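Got a predicted structure plus its sequence, pasted below:
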Amino acid sequence: MSKQAFIKPSICLALGLSLMAPSAFASVPWVGSVDYSQAPSALGTEPTVGPFDTYDFGAGVTLIQLTSGSTFNGYYQTLVSGHFLNNIGINVPGLDISGTGAGFEVTATASFSGTYSNVGNLSNINYTSGEVNVYFDPTSNYSFTSDTGFDDGDAILSGTITGGSAFIDLTSGLGVSQLELQLSGTDVFSPNTINGGSALFSINLSNPDLLTGITSVLGQDVAGGGFSLLSAADGSIQLTAVPIPAAAWLFLSGLMGFVGLTRHKSTLNA
């Protein structure tokens, strides 16, 4: 076989790899571990947790403030109550979820904006923008009633809300919310390839055990000007990743392999 006869299919195969590469960069479920002892304010005794793919939240508080007849701003704060892999909880030594214990805590906050419309007893919500953060704190000190302790730790995961929607049945006070997130983690995560997540929450407008006594959320006054809506929200974030190092390595390895074969074949046919 001539050089040209072999080089042409090699080029075609290499081009085929390049065309296939973008699909390898699509988001996939992230599975990894988190070493809380590597957070900036850690005591150094915190555990490494994993593998896991989902942060599970305890019941948190959401405040919605209407800014017009069709737009709103929202604020949310909660605690991480568990780490899950394939819907199975993982034991996390030292994680305190009471806000008053001796262990460390992991909390989350979000601020967001969107639009809404009411059709009968249903309220339809669309999220248009927002920010979200997950914090590590070596001291467990969060408090819903005093509106403190949720954002005073190290931000280990941060990002934006890129979209999502929700609906609430105003008769029952129950609803569901789904959000898409663009995220980036810090070196506490391994592999540090988190690029997003999908969050799902249940909404409850009537939860006296949690909502009674709450006067503000993330510094926003519940009784401030205009109409405000306070609710409990319980949910989780399933993390996603882009396997850039692996995809790039496989592509380059395949390309170099074809180059090597081409050179070898060319030498034989010289």
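Okay, I see it.

Can you say which helix or strand has S165 in it?
Using DSSP states H and E, S165 sits in strand 154-169.

After that strand, which helix or strand is next? Please name it.
strand 174-185.

Just want the angle from that following strand to strand 154-169.
Counting by axes from the mean of the first three to the mean of the last three Cα atoms, to 10 degrees, strand 174-185 lies at 160 degrees to strand 154-169.

Leaving aside the residues adjacent along the chain, what's closest to N141?
Spatial nearest neighbour of N141, chain neighbours left out: G149 (4.2 Å); criterion: Cβ to Cβ, 6 or more residues apart in numbering. (Glycine included, C-beta is placed from N, CA and C.)

residues near that neighbour, how many?
20 (other Cβ atoms under 10 Å).

Would you agree L210 falls within a helix?
Yes. Remark: L210 belongs to a helix, assigned using DSSP: H, G, I helix; E, B strand; the rest coil.

quick one: it and T145 touch, right?
No. Counting by Cβ atoms under 8 Å, L210 stays clear of T145, with 9.8 Å between them.

neighbour count winner among the two?
It is L210, of L210 and T145, that has more neighbours when counted by other Cβ under 10 Å, with 19 against 13.

The more buried one and G58: what is the separation?
In this structure, L210 and G58 are 10 Å apart, going by Cβ to Cβ, to the nearest Å.

Let me see the contact set for the residue lying closest to L95 once chain neighbours are set aside.
Spatial nearest neighbour of L95, chain neighbours left out: G103 (5.9 Å); criterion: Cβ to Cβ, 6+ apart. G103 makes contact with 94-96, 140, according to Cβ atoms under 8 Å, 6 or more residues apart in numbering.

got a pLDDT number for G103?
Looking at G103, its pLDDT is 97.

for A270, same thing?
48.

Over to L230?
96.

again with G50
For G50, the predicted pLDDT is 98.

How about the one 4 residues further on?
Reading off the confidence values, T54 has pLDDT 99.

Find the nearest non-adjacent residue to it, please.
Nearest in space to T54, with sequence neighbours left out and distances taken as Cβ to Cβ, 6+ apart, is F84 at 4.2 Å.

quick one on the thing from earlier: would you mind putting the contacts of G103 into CSV with neighbour count, distance to V31 and pLDDT alongside?
Formatted as CSV, the contacts of G103 follow (neighbours: other Cβ atoms under 10 Å; distance: Cβ to Cβ, whole Å; pLDDT from 0 to 100):
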residue, neighbour count, distance to V31, pLDDT
G94, 17, 22, 98
L95, 21, 19, 98
D96, 19, 25, 98
S140, 21, 27, 98
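
Just the ones in strands from those residues, please.
Among the contacts of G103, no member is found in strands (DSSP state E).

Closest one of the residues you listed to V119?
Comparing the contacts of G103 against V119 with Cβ to Cβ places L95 closest, at 41.7 Å.

Quick check: bridge partners of that closest one?
L95 forms beta bridges with F104, as assigned by DSSP bridges.

which residues sit in contact with it?
Residues near L95 by Cβ under 8 Å, 6+ apart: 80, 103-106.

now swap in I90 and tell me
I90 neighbours (Cβ under 8 Å, 6+ apart): 49-50, 52, 82-84.

now do 10 Å
33, 49-52, 54, 56, 82-84 (Cβ atoms under 10 Å, 6 or more residues apart in numbering).

measure I97 to T115 for me?
Shown here: I97 relative to T115, a distance of 34 Å by Cβ to Cβ.

Have a look at these two and say which one is more surrounded.
Neighbour count, other Cβ under 10 Å: between I97 and T115, I97 has more, with 16 against 13.

how far away is the closest residue to the more buried one other than its chain neighbours from D53?
Excluding the flanking residues, the one nearest I97 by Cβ to Cβ, 6+ apart is S81, at 4.9 Å. To D53, S81 is 16 Å away according to Cβ to Cβ.
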